[in-house]
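Visitor: Following is a predicted model, sequence given first.
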Amino acid sequence: MTLPLELQQLIQRRVRDGVLLRLIGKWLKAGILEEGNVTYPDEGTPQGGVISPVLANIYLHEVLDVWFEKEVKPRMKGRAELVRYSDDFVICFEREEDARRVMEVLPKRMEKYGLTLHPEKTRLVEFRPPRPENRG
């Protein structure tokens, strides 16, 4: 199994231990057992594989987290925060216009690294404090 070049470079930048790098390679070559059948994907990380969440976090740290802190936040007119858990994330914006600007560029950022956003999960959600009459 081969990883995208960007992911290989990120792993080598973050993981210096040769033993651990070889272990990652073995995990990727081990295949996945599904319904009694072992499959060996040709590229990427195996869905459901032991190492997949670790590699996803390494990749998304660079692709999303670092980009958001260095490139996105400084360009916002209001406050903005990214909350990520594994490969899921929520971005909170103080201003709707900032949210809309990021929503326009986010799919392009993901595509640049061979990733896509889930069309049913990716959306803008308005969040406002409750009206005084609805407060407990």
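Guide: Received it, and whenever you're ready, just let me know what you need.

Visitor: average pLDDT across the helix or strand Leu20 falls within?
Guide: In this structure, Leu20 sits in helix 18-29 according to DSSP states H and E. The pLDDT scores in helix 18-29 average 81.

Visitor: tell me how far that helix is from the chain's mean position?
Guide: Centroid separation for helix 18-29 versus its chain: 22 Å, with Cα atoms, centre = their mean, to the nearest Å.

Visitor: tell me which residues in that helix are buried?
Guide: By neighbour count with 16 or more other Cβ atoms under 10 Å, helix 18-29 contains the buried residues Ile24, Trp27, Leu28. Where C-beta positions appear, they are placed from N, C-alpha and C, glycine not excepted.

Visitor: cool, stretch 75-83 as well?
Guide: Buried-residue list, stretch 75-83, by 16+ other Cβ under 10 Å: Met76, Ala80, Leu82.

Visitor: to the chain's geometric centre, what's the distance from that stretch?
Guide: Distance, stretch centre to chain centre, for stretch 75-83: 18 Å (Cα atoms, centre = their mean).

Visitor: now do stretch 23-34
Guide: Counting by Cα atoms, centre = their mean, stretch 23-34 comes out at 21 Å from the chain centroid.

Visitor: and the end-to-end length of that stretch?
Guide: End-to-end distance for stretch 23-34, by Cα to Cα, to the nearest Å: 22 Å.

Visitor: TSV please, covering the buried residues of stretch 75-83 and showing secondary structure and distance to Pro130.
Guide: Output for these, formatted as TSV (DSSP: H, G, I helix; E, B strand; the rest coil; distance: Cβ to Cβ, whole Å):
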residue	secondary structure	distance to Pro130
Met76	coil	25
Ala80	strand	22
Leu82	strand	25
